[in-house]
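Enquirer: got a sequence here, can you build the structure:
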Amino acid sequence: MVYAVVRAGGRQEKVEVGTIVVLDRQAASIGDKLELPAVLLVDGDAVTTDADKLAKVTVTAEVLGEERGPKIVIQKFKNKTGYKKRQGHRQDLTRVKITGIK
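Expert: Model (predicted):
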């Protein structure tokens, strides 16, 4: 079993070939190929964490589409002052499919 842990945005994701992952927004259009930097590689019993060896590892992914995350509601309230503030946020996301780990 071959899998890798890749750095994607501010997080790390465990991926295998064929895995569909939702990442923070990437500057790519649908059908484009991405290369994600590997942090760890597991190939059977061999675990690779050396930065020099991981520089040679390429994890390729194909962009499947753009989407938006769930709505997050931010509310602020101060007692006795009449201060109320309500704000919302939806994060832009990119859905990718891992096509290869070499």
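Enquirer: show me where the chain has strands.
Expert: Residue ranges of the strands in the chain, as given by DSSP state E, are 2-8, 11-15, 20-24, 33-36, 38-43, 46-48, 59-68, 72-78, 83-89, 92-101.
Enquirer: other SSEs contacting the first one?
Expert: Pointing back at strand 2-8 there. When contacts are defined as 3 or more C-beta pairs under 8 Å, 6 or more residues apart in numbering; DSSP states H and E, strand 2-8 sits against strand 11-15, strand 20-24, strand 33-36, strand 38-43, strand 92-101. No exception for glycine: its C-beta is placed from N, CA and C like everyone else's.
Enquirer: the most centrally placed residue in the chain pairs with what?
Expert: For the chain, L23 is the residue whose C-alpha lies nearest the centre (C-alpha atoms, centre = their mean; 3.0 Å). Applying DSSP bridges to L23 yields these beta-bridge partners: T94.
Enquirer: run through the residues that contact it.
Expert: Contact analysis of L23 by C-beta atoms under 8 Å, 6 or more residues apart in numbering lists A8, G9, E13, L93, T94, R95, V96.
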